[in-house]
Every structure is written in C-alpha cells, then in structure tokens.
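Enquirer: Requesting a structural model of the entry that follows:
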Amino acid sequence: MSSLAIDNVGLLITGDPSLGDGPLGELRDAAVVFEDGKVVAVERAGVEADGRVDAGGRCVMPGFVDSHTHLVFAGDRSEEFAARMAGKAYEAGGIRVTSEATRAAGAAELERLARERRAEGLRAGITHVEIKSGYGLDVASEAKSCEVAAKLTDDVTFLGAHVVPGEFESDPDAYVDLVRGEMLAACAPRCRWIDAFCEVGAFTAEQCRAVLEAGRAAGLGLRLHGNQLGPGEGVRLAVELEAASVDHCTYLTDADVEALAGSRTVATFLPATDFSTHQPYPDVRRVIDAGATVALATNTNPGSSNTTSMGFCIALAVRDMGMTVAEAVAAATRGGAEALRRDDVGRLAPGCRADAIVLDAASPTDFVYRPGVPLVRETFVAGRTAWKSQFSE
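Expert: Next up is the predicted model:
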C-alpha cells in the first residue's frame with residue numbers, strides 16, 4: 001500500500017496532547033503520514049513516503065467534525081431571516097415552512113441539494129458531518145430524508161420530533177406516538193442516533209423522553225436540542241438519559257452546568273444560530289471551567305443558521321462566548337468527535353482516519369484574526385484530497 005506524507009508543515013496540530021505541546025498537541029516543522037486511509041505516523045519534517053504534499057510551512061490540522069447539521073431540506077427562508085433582522089423574534093414554528101418544501105421535493109432533488117451543501121462544507125474544512133432528518137414530519141418524508149443523509153455520512157440522526165406538523169396541531173401527543181412508532185420503525189435502519197427538540201413551541205420534556213426512550217429501545221444513541229430559546233428541562237433530561245450530546249445550551253442555569261460537568265453528555269454550542277436569531281451568546285467559559293466537555297457545530301439549516309463555515313463559528317466563539325482559540329479549535333474537532341462518541345476522527349494521531357486540512361495560514365488564530373476569509377487550502381478525507389483550492393501549487 002502506498003503512503004502519503006504532508007510534509008514541511010510549519011505548525012502541525014495533532015489534537016492529541018500526548019503527541020505535542022499544549023492542549024492541541026502542537027508540533028513545529030513536522031510531517032504527518034497517511035496510509036490506507038489512516039494516520040500511521042507523526043514525524044519531523046523530511047519524512048520519506050511514496051507520495052508527498054508540500055505544506056510550504058503552513059498550518060495543518062485535523063478536519064472539522066460538525067456534529068449538528070440539517071443538510072437535507074428544500075426551500076428557502078430568506079424572507080424570514082430578513083424579518084428577524086428587522087426585529088421579529090425567532091419561533092420554532094418556522095420549521096413548518098421548510099417541511100412543506102421538503103415534502104414536495106423528490107429524493108433526487110433532496111440528494112442534489114444535500115450534496116451541494118456537503119461540498120460547501122468540504123471547502124470549509126468539514127471532514128466529518130452528522131446529518132439530521134426533521135423537515136419531512138411524516139413517515140414517508142422522514143424516511144426519504146434519512147435515506148438521503150445515509151448516502152453522505154454514517155452519523156445519521158432521526159429527528160421526527162423537530163416540531164409538530166400542522167395536521168397534528170390539535171393533538172400533539174398523537175404525533176409523538178407516530179414518531180415513536182411507525183416513523184421510528186421506518187427511519188431507524190438508516191440511523192445511528194435519535195434526537196428531539198425540547199422547547200416551548202416544539203416538544204415538552206415528557207414528550208421528548210418518550211421519543212428518546214423509544215429510540216434507545218430501537219438501538220439508537222440519544223441526542224437532544226435543549227435550552228435554546230429560554231431556560232428549560234432539556235439539559236438535565238439529556239444528562240439523566242445519558243445522551244451523547246445536548247445542543248444549543250444558550251440558556252444555562254447553575255444546576256444545568258453542574259449536571260453537565262458531572263456527566264459524559266457533551267454541551268454542543270451553535271454560535272451561528274445565536275448570531276442569526278439575535279439570541280444572547282452563551283457563556284461557554286463557565287461550562288469549560290466547571291469541567292464539562294464542549295463542542296462547536298454549525299447547525300446548518302435554512303431557518304436559523306444557513307452556514308457551513310466552522311471558521312465563522314470559531315470566530316464567534318472566541319469573540320463572544322469566552323473561549324480561547326485553542327479551546328474553540330478543540331471544540332470544533334475533538335469536541336465534535338466526542339459529541340458523536342467517536343475516537344477515529346477529530347485528531348491526527350496514529351490509527352485515526354486521515355482527515356486533515358491544510359490552511360493558507362500559519363495558525364488557526366487566523367479564523368478569528370481574519371474572519372470570513374477562506375483559509376482552507378486543501379481538504380483530505382481518509383487520506384485522499386476531497387477539495388483543493390485552485391491556488392494550490
């Protein structure tokens with residue numbers, strides 16, 4: 001089997017403190033060697049391999065692990081966004097607008113749109129992605145969405161409990177029964193996870209509990225949207241059920257932070273959502289200082305976070321959420337992997353999948369220092385080039 005070395009790396013971020021300096025495991029003048037889709041060695045610059053990519057003294061780091069996305073949808077909600085920028089409050093019910101368009105779209109159209117968004121993410125350095133359903137909200141459309149998502153990732157999440165569709169508005173419990181019954185049975189074979197939206201305007205904690213427990217009985221791991229629009233029961237429910245991740249976490253009480261710190265549940269923050277919805281930015285500093293594990297994700301979706309830029313999320317996290325650059329980078333790589341309970345991505349360490357990005361920068365500080373600038377020069381997934389800038393040598 002042939003090997004490939006990314007050599008002449010000015011700053012290599014391994015993501016593994018045992019391999020280098022500081023919390024990101026940094027090495028200067030380094031090389032990383034890939035073989036058979038995995039990292040096989042981290043070396044000093046000048047290593048020998050069958051193939052060689054000259055990083056030209058640039059920074060090389062693990063690819064981003066985006067642990068919360070909604071890539072499968074049709075339609076557009078730019079008018080809603082414009083209204084929100086003019087002062088209208090964000091409401092969970094806007095999801096129904098996307099549901100109508102998603103139900104009407106065929107599987108081929110949904111796949112085309114999702115692949116376009118996935119390609120955009122590769123250009124931004126996202127090498128692994130979780131994808132949720134949740135815009136079909138009927139059995140056939142949710143199954144269709146999960147089938148499309150499964151073509152793009154092995155981390156598919158069933159999110160039938162995203163919002164109550166209009167036809168069940170007068171009887172939301174009947175919709176919960178559909179989600180945990182026929183809909184779950186149709187979607188589970190293509191999914192690894194189940195999720196629910198625990199929020200005023202979406203589902204109560206007890207409704208979410210019923211959905212998640214049914215998912216666990218079907219063999220799925222648990223995730224939860226919680227505490228986005230105000231204080232609530234979501235975080236503590238996620239911890240109680242030992243969910244892998246609770247996402248949003250915009251409004252956290254001291255009890256929420258204490259619960260997270262004493263658990264394996266990852267607090268996943270979605271700063272581009274808070275930016276888009278005019279919500280306050282959460283104070284991630286207090287969560288980190290309490291000892292909880294944190295992740296950053298894009299929450300790519302049409303209503304509240306229409307971006308695939310993890311660099312933008314890092315910039316917001318550092319500027320507005322109390323994180324250092326190193327903490328934000330770790331949260332967008334290793335943290336995302338932990339939110340998905342994976343140890344094969346998010347790091348450039350021997351045995352991990354060979355997912356890496358070469359930056360047109362000397363360090364990831366430029367994601368904050370030069371916000372909005374496309375900094376990814378080349379993206380590698382499983383040791384192969386998945387995207388390359390036209391300006392690469």
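
Enquirer: alpha carbons only for contacts and neighbour counts from here, please
Expert: OK.

Enquirer: I'd like to know how many residues surround the spatially closest residue to residue 135 that is not a sequence neighbour.
Expert: Among residues not flanking residue 135 along the chain, residue 99 sits closest, at 4.5 Å (CA to CA, 6 or more residues apart in numbering). Other residues within reach of residue 99 by the criterion other CA atoms under 10 Å amount to 23.

Enquirer: pretty sure residue 99 contacts residue 137?
Expert: Yes - using CA atoms under 8 Å, residue 99 makes contact with residue 137 at a distance of 6.9 Å.

Enquirer: what about residue 53, helix or strand, and which?
Expert: strand 51-54 (DSSP states H and E).

Enquirer: for the residue nearest to residue 135, what are its contacts?
Expert: 73, 135, 136, 137 (CA atoms under 8 Å, 6 or more residues apart in numbering).

Enquirer: hmm, 7 Å instead?
Expert: Neighbour list for residue 99: 135, 136, 137 [criterion: CA atoms under 7 Å, 6 or more residues apart in numbering].

Enquirer: Next: residue 350.
Expert: Residue 350 neighbours (CA under 7 Å, 6+ apart): 39, 40, 41.

Enquirer: What about those residues, which one has the most neighbours?
Expert: residue 39 (26 neighbours).

Enquirer: I'd like the average pLDDT over stretch 341-355.
Expert: The pLDDT scores in stretch 341-355 average 98.

Enquirer: mind checking the end-to-end distance for it?
Expert: Chord length of stretch 341-355, first to last residue, is 17 Å (CA to CA, to the nearest Å).

Enquirer: picking that back up, out of the contacts of residue 350, which one sits closest to residue 369?
Expert: Checking these against residue 369 by CA to CA gives residue 39 as the nearest, at 29.7 Å.

Enquirer: What residues are bridge-paired with that closest one?
Expert: Counting by DSSP bridges, residue 39 is bridged to residue 34.

Enquirer: Next, the contact list for it, please.
Expert: 33, 348, 349, 350, 351, 352, 353, 354.

Enquirer: can you redo the residues you listed as a markdown table with distance to residue 239?
Expert: Listed next are the contacts of residue 39 as a markdown table, based on distance: CA to CA, whole Å:
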| residue | distance to residue 239 |
| --- | --- |
| 33 | 39 |
| 348 | 29 |
| 349 | 30 |
| 350 | 32 |
| 351 | 30 |
| 352 | 28 |
| 353 | 29 |
| 354 | 32 |
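
Enquirer: Most neighbours among those, which one is it?
Expert: Comparing the contacts of residue 39 by number of neighbours (other CA under 10 Å), residue 348 comes first, having 32 neighbours.

Enquirer: How much space separates it from residue 310?
Expert: Residue 348 is 18 Å from residue 310, by CA to CA.

Enquirer: what do you get for residue 164?
Expert: Taking CA to CA, one finds residue 164 at 30 Å from residue 310.

Enquirer: Between those two, which is the more surrounded one?
Expert: Taking neighbours as other CA under 10 Å, residue 164 and residue 310 compare with residue 310 leading, 27 against 24.

Enquirer: what's the closest residue to the more buried one other than its chain neighbours sitting at in phi/psi?
Expert: Excluding the flanking residues, the one nearest residue 310 by CA to CA, 6+ apart is residue 298, at 6.0 Å. The phi/psi pair for residue 298 (degrees, to the nearest 10) reads phi -80, psi -30.

Enquirer: still on that earlier bit, just curious, which of the contacts of residue 39 is nearest to residue 129?
Expert: residue 353 (13.7 Å).

Enquirer: ok, now which ones touch the closest residue in space to the closest one that isn't next to it in sequence?
Expert: Take residue 353 and drop its neighbours on the chain: the residue closest to it by CA to CA, 6+ apart is residue 38, 4.4 Å away. By CA under 7 Å, 6+ apart, the residues touching residue 38 are 351, 352, 353, 354, 382, 383.

Enquirer: Could you rerun that using 8 Å?
Expert: Per CA under 8 Å, 6+ apart, neighbours of residue 38: 350, 351, 352, 353, 354, 382, 383.

Enquirer: Quick check: the last one touching residue 357?
Expert: Right, the one you point to is residue 383. No - using CA under 8 Å, residue 383 is not in contact with residue 357; the gap is 10.7 Å.

Enquirer: Having no further points to raise, I will conclude here.
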